[in-house]
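Participant: this is a predicted model, with the sequence first.
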Amino acid sequence: MRRLSMRLALVAVLVTAGVSTGWAWASLENRPDDAELAIDLSLRLQDVTVEHAADGQYLVIAPTREGRRTLSPQEFVELLAQSQERQRLGGKLFVLLNITNWTGVLWVVFGLLGQVLFTGRMIVQWLASEKAKRSVVPRGFWWMSLIGATMLMIYFLWRKDAVGVLGQAAGWHVYLRNLVLIRREENGQAPAEAI
């Protein structure tokens, strides 16, 4: 069972590294060649502000991939139309995944992998218990819990989902602490007094 746990942890690390590399590559791939910036439609309209210029015209201050940018109303509408066109190309997939660009697909895949790890821990625990003919919690369970929760927290941070972050962060200390206790036991250190 220890080998299985180590293999699952290694797979999780490799998947995380692969997704991170893919995300970085996709970010470079989606970057416009010219100086024109794309509006990030995943940001809320409340992040867009309108101000009066000295000449009485309106100026739009909008979030872009590279930060906030001041635009004329015409520039803003043109960039918005370009962003909507890119979103339209994603079609139903973008709607289904609640994303606005192809980089979002990579983030959703990352979140799904974290969820697969987090859910898979229960299968690992169940199989270990069936093998032992009693309830046991193998080391792989705690590693999968820790890695899956970490991946999900990163995903929820990207989604700006406080409920998801708090939900995963709540157990994170418990997973880490159990791994420390297992390590201490293996090193022959006396366990702390039970509560």
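Facilitator: Good, I have the coordinates.
Participant: would you check how far apart Ala128 and Ser72 are?
Facilitator: Distance check for Ala128 against Ser72: by C-beta to C-beta, to the nearest Å, it reads 63 Å. For the C-beta atoms, the positions are set from N, CA and C on the backbone; glycine is no exception.
Participant: who has more neighbours, the two?
Facilitator: Neighbour count, other C-beta atoms under 10 Å: between Ala128 and Ser72, Ala128 has more, with 20 against 13.
Participant: find the nearest non-adjacent residue to the residue nearest the centre of the chain, please.
Facilitator: In the chain, the centroid-proximal residue (C-alpha atoms, centre = their mean) is Tyr155; its distance is 1.6 Å. What sits nearest to Tyr155 in space, not counting adjacent residues and going by C-beta to C-beta, 6 or more residues apart in numbering, is Gly111, at 3.5 Å.
Participant: that's a strand at the one you found, yeah?
Facilitator: No: Gly111 is assigned helix when assessed by DSSP: H, G, I helix; E, B strand; the rest coil, not a strand.
Participant: that one and Leu152 touch, don't they?
Facilitator: Yes: the criterion here is C-beta atoms under 8 Å, and Gly111 meets it with Leu152 at 6.5 Å.
Participant: of the two, who's got more company?
Facilitator: Leu152 (25 against 20).
Participant: for Trp158, what are its contacts?
Facilitator: Trp107 (C-beta atoms under 8 Å, 6 or more residues apart in numbering).
Participant: for the residue of the chain most remote from its centre, phi and psi?
Facilitator: Each residue of the chain has a distance to the centre, and by C-alpha atoms, centre = their mean the biggest one is for Asp55: 44.1 Å. Taking degrees, to the nearest 10, you get phi -90, psi 10 for the backbone angles of Asp55.
Participant: look up how far Ser72 lies from it.
Facilitator: 11 Å.
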